[in-house]
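Trainee: Okay, here's the prediction I keep looking at, along with the sequence it came from:
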Amino acid sequence: MTNDRPKMATAVAAPPTIPAEVDTGPARELAAIAGQLLRQVSAQVSTVVVGVEGVTEQLLIALLAGGHVLLEGVPGVAKTTLSKVFARLLGCEFQRVQFTPDLLPSDVTGTSVLDRTKNDFVLRKGPIFCQVLLADEINRAPAKTQSALLEAMQEYQVTVDGQTLPLPRPYMVMATQNPVEQEGVYRLPEAQLDRFLLRIEMGYPGFDHEVNMLKLHGRPIVEPDALFTPEQILGLQAKLPHVYGKETLYTYIIELAEATRNHPDVSLGASPRAALSLLRCARARAALRGRHYVTHEDVQKVSFGVLGHRLILRPEAEIEGREVGDVVKDVLAEVKVLETV
């Protein structure tokens, strides 16, 4: 791996000196409530799904950053259940689409049908016209159907029969995916993977968590009430860009992106969109920890979720048993930081 910039030594974390002209008022307001929201959401989720505190935090990071989430894991680890509970807590209009091999793009976006009373064609909107869309087992549908989500995820609009319609805001796609080693699944196109802000891996719960799961499901489960309103979510998202980061932080993010592009095991490195995603997720993580400023540690902690699905390894590296996570570790070890904020 090559990097022409000089390596920087790690220093002890310290709050930044923020210029007087920078307005951190909205960021301080966000930091004051984000930590409380994390505790409330985690408590509500734990009444239905156990042992997913880290996953819940990543879902909130994506929510604050206004991005979409790809949940990946083997069948039976509560991906769909967690998605439904989280969507319910958001208090938004919710739709679920079960992706199957025979699903058509029009089944997702909608189509024009003949209204005999008006003797004219009218648009029948598909389930994509909601605020939270659960795309369940998204990689069981062919690429043509998967691509029906591209415009919605990037531009928050849908074109049906030549008519472009805006989607309600806030808008969030939560997709579940089975590992590509499973039968009957398709690989998601790189263009679509890049539009997911985070990929979250869900593995098997620990022994104690599984015991608690059996206890939990031995009694009636009460669906949690909504903790948000759409207006509250939009207000939180509007404050996120005010979370402060020094210019050295921006340099650090770009150095990480360049390092992935120069890594010998990588054929496709992090895109500029990936760099922007790193910054947005780092800001959201900082806010959830009650801070109005970002540290390099925030960037490092979100790197695996942001970069894990965007990097494409060379075939030789895959044959040698290398994984994307190994590349991310290499990059984080190589690119040093001079200051932590």
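Mentor: Yes, it's here. Keep in mind that this is a model prediction, so the values were computed, not measured.
Trainee: Output the contacting helices and strands for the lengthiest helix in the chain.
Mentor: Looking across the chain with DSSP state H, the single longest helix is helix 25-45. Applying 3 or more C-beta pairs under 8 Å, 6 or more residues apart in numbering; DSSP states H and E, one finds that helix 25-45 makes contact with helix 53-65, helix 79-90, helix 230-239, helix 272-288. (Each C-beta comes from the backbone N, C-alpha and C, glycine too.)
Trainee: Specify the angle between that helix and helix 53-65 in degrees.
Mentor: Here helix 25-45 points in a direction 140 degrees away from that of helix 53-65 (axes from the mean of the first three to the mean of the last three C-alpha atoms, to 10 degrees).
Trainee: List the buried residues of helix 25-45.
Mentor: Burial within helix 25-45, assessed by neighbour count using 16 or more other C-beta atoms under 10 Å, is assigned to 26-31, 34, 37-38, 41-42, 44-45.
Trainee: And for stretch 255-275?
Mentor: Buried-residue list, stretch 255-275, by 16+ other C-beta under 10 Å: 255-260, 263, 265-266, 269-270, 274-275.
Trainee: At which residues are the helices of the chain located?
Mentor: 25-45, 53-65, 79-90, 105-109, 143-146, 150-155, 190-193, 207-216, 230-239, 247-262, 272-288, 296-307, 315-319, 324-334.
Trainee: Nearest to residue 72, out of the ones you listed?
Mentor: helix 79-90 (7.9 Å; C-beta to C-beta).
Trainee: Give me the contacts around the longest helix of the chain.
Mentor: Surrounding helix 25-45, the residues in contact under the criterion C-beta atoms under 8 Å, 6 or more residues apart in numbering are 52-53, 56-57, 60, 64, 82, 85-86, 89, 224, 227, 236, 238-240, 242-244, 286-293.
Trainee: Can you flag the buried ones in those residues?
Mentor: Buried, going by 16+ other C-beta under 10 Å: 52, 56-57, 60, 64, 82, 85-86, 89, 224, 236, 239-240, 242-244, 286-289, 291-293, out of these.
Trainee: what about the closest residue in space to residue 257 that isn't next to it in sequence, distance to residue 240?
Mentor: Nearest residue to residue 257 in three dimensions, chain neighbours excluded: residue 270, at 4.2 Å (C-beta to C-beta, 6 or more residues apart in numbering). According to C-beta to C-beta, to the nearest Å, residue 270 stands 21 Å off from residue 240.
Trainee: ditto for residue 307
Mentor: For residue 307 relative to residue 240 (C-beta to C-beta), the value is 20 Å.
Trainee: Then residue 23?
Mentor: Using C-beta to C-beta, we find residue 23 at a distance of 14 Å from residue 240.
Trainee: One more: residue 98?
Mentor: From residue 98 to residue 240 the distance is 32 Å (C-beta to C-beta).
Trainee: Same check on residue 84?
Mentor: According to C-beta to C-beta, residue 84 stands 25 Å off from residue 240.
Trainee: Residue 172: what's it in contact with?
Mentor: Applying C-beta under 8 Å, 6+ apart, the residues near residue 172 are 62, 63, 66, 67, 68, 69, 90, 92, 131, 132, 133.
Trainee: What number of residues are in the vicinity of the fourth one?
Mentor: By the criterion of other C-beta atoms under 10 Å, residue 67 has 21 neighbours.
Trainee: Which pLDDT does the model give residue 268?
Mentor: Residue 268 is assigned 91 on the pLDDT scale.
Trainee: My understanding was that it contacts residue 312; is that so?
Mentor: Yes. Using C-beta atoms under 8 Å, residue 268 makes contact with residue 312 at a distance of 3.8 Å.
Trainee: In the stretch 151-300 of the chain, where is pLDDT below threshold?
Mentor: Applying pLDDT under 70 to the stretch 151-300 of the chain picks out residues 180-184.
Trainee: Run through the stretch 1-150 of the chain and note the low-pLDDT ranges.
Mentor: Looking along the stretch 1-150 of the chain with the criterion set at pLDDT under 70, you get 1-14.
Trainee: Show me what counts as buried in stretch 96-106.
Mentor: Buried, per 16+ other C-beta under 10 Å, within stretch 96-106: 96, 97, 99, 103, 105.
Trainee: Can I get that stretch in CSV, CA atoms only?
Mentor: Extracted C-alpha coordinates of stretch 96-106, given in CSV (Å, rounded to 0.1, in the frame of the first residue of the first chain):
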residue,chain,number,x,y,z
ARG,A,96,-42.7,-4.0,4.0
VAL,A,97,-41.8,-5.7,0.7
GLN,A,98,-40.8,-9.3,0.7
PHE,A,99,-38.3,-9.6,-2.2
THR,A,100,-38.7,-12.8,-4.2
PRO,A,101,-37.3,-14.0,-7.6
ASP,A,102,-40.6,-13.2,-9.4
LEU,A,103,-41.0,-9.7,-7.9
LEU,A,104,-41.2,-7.0,-10.7
PRO,A,105,-40.0,-3.4,-10.5
SER,A,106,-43.6,-2.2,-10.8
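Trainee: Much appreciated, bye for now.
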